[in-house]
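only the shape, not the letters, is given here:
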């Protein structure tokens, strides 16, 4: 890969995740402080990510893979995204805001696959080359968080009171417009499928449902859905929680989670090889329970270190469960169903699991909210308990002791 192409792909990844990190992390505090949304309304807004994940395969399967170059679709979607971001920036209440955020997530989620397609098309050995490009996405997310906290101070108590979190959508919209225009300069990535029918079951990964006949894979599949319930609590409540208890520069501090993800990803092969899949994934589950317990009993003063440790556990929570789960799925699927199996797991977790999780998180937030404020201790202890129950169920029912080949599936999207 020549230097110019590498620079373009790296810049594409940086902007792709800078956009997401520029508004999604502070979405919870913005909804509560500026739009005065209830817990249920906040859950509905966050669940637009899941609807986007469910609809994304249709956009990719019916359009990108069949008719148009990936980089051109990427450009069009981000330009439309910039317009929707501007409308979100101007929205004065939740009723006006919701349709725009739903539309935005429906067009943003497919771009996660498109940037990977553009990247892979330029690589001779994606397993070796992709990580050095993808890392710029994580850097983009981190830079967005640091800018909000330490450069603009939008998430400070004064900034929140003044409604400055609204500017995060303007920043994301500008970045989206830049990436939209920049995408038309990216290397050509023509469609690979021009003939033949594309079935709905194939696009959603449902062709891999026969894997559920394997009892152990079925246990893993159900556990993957259930563990996304506590995951939703983190996405929906973490930033609002840190802001509410007056932690300094909360958005900047939450970037510790992305830094830890990179570090623990390097540790994963060693742990995986030594202890195997079951213990690796159990450590990931346990980390969710521990993290939420730390949030429940930590505070912004003398016990603030507990909050920092909880944020830093993001690398263990995500890498040891989700990445190792992708590896396990890849090993079980076989050549015929590799892509379908990954699609099925993505639909189950970021689709079904997160939808359920955001709904429950919204109800719990409302149930433990009063004139005195949120009872954050209970709001965090409940997902900690859910994670602990999933841990116990997986320990008892998952019996697979077969060796799993350590090969990270291509195209990991999440941050």
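That came through, no problem. Bear in mind the structure is a predicted one, so any value in this text is a computation, not a measurement.

all contacts plus neighbour counts: C-alpha atoms, from now on.
Noted.

residue 226: neighbour count?
Neighbour count of residue 226, defined by other C-alpha atoms under 10 Å: 22.

contacting residues for it?
For residue 226, the contacting residues are 353, 390, by C-alpha atoms under 8 Å, 6 or more residues apart in numbering.

distance-wise, check it relative to residue 180.
Distance check for residue 226 against residue 180: by C-alpha to C-alpha, to the nearest Å, it reads 36 Å.

any idea how far stretch 117-134 is from the chain center?
Offset of stretch 117-134 from its chain centre (C-alpha atoms, centre = their mean, to the nearest Å): 20 Å.

brain fart, stretch 227-240
When C-alpha coordinates are averaged (C-alpha atoms, centre = their mean), stretch 227-240 and its chain have centres 11 Å apart.

chain center to the longest helix seen in the chain, what's the gap?
The longest helix of the chain (DSSP state H) is helix 250-297. Here helix 250-297 shows a centroid-to-chain-centroid distance of 15 Å under the convention C-alpha atoms, centre = their mean.

name the helices or strands packed onto the helix or strand that that helix is followed by?
Note on helix 250-297: by DSSP states H and E, the next helix or strand toward the C-terminus is helix 304-312. Applying 3 or more C-alpha pairs under 8 Å, 6 or more residues apart in numbering; DSSP states H and E, one finds that helix 304-312 contacts helix 250-297.

between the helix it packs on and helix 304-312, how big is the angle?
Orientation check (axes from the mean of the first three to the mean of the last three C-alpha atoms, to 10 degrees): helix 250-297 against helix 304-312 gives 110 degrees.

average pLDDT across helix 250-297?
For helix 250-297, mean pLDDT is 91.

and stretch 223-236, by the same measure?
Stretch 223-236 comes out at a mean pLDDT of 94.

same thing with stretch 307-320?
The model assigns stretch 307-320 a mean pLDDT of 93.

any idea how far apart the tips of that stretch sit?
20 Å.

how about stretch 151-166?
End residues of stretch 151-166 are separated by 16 Å (C-alpha to C-alpha).

residue numbering should commence at 685 henceforth.
OK, 685 is where the count begins now, so the last one is stretch 835-850.

just checking, next helix/strand downstream of the helix or strand of the chain with the lowest mean pLDDT?
Using mean pLDDT, DSSP states H and E, helix 884-887 stands out as the lowest-scoring helix or strand of the chain, at a mean of 64. Once the chain leaves helix 884-887, the next helix or strand it forms, by DSSP H and E, is helix 899-928.

mind listing what's buried along that following helix?
By 16 or more other C-alpha atoms under 10 Å, the buried positions in helix 899-928 come out as 900-901, 903-928.
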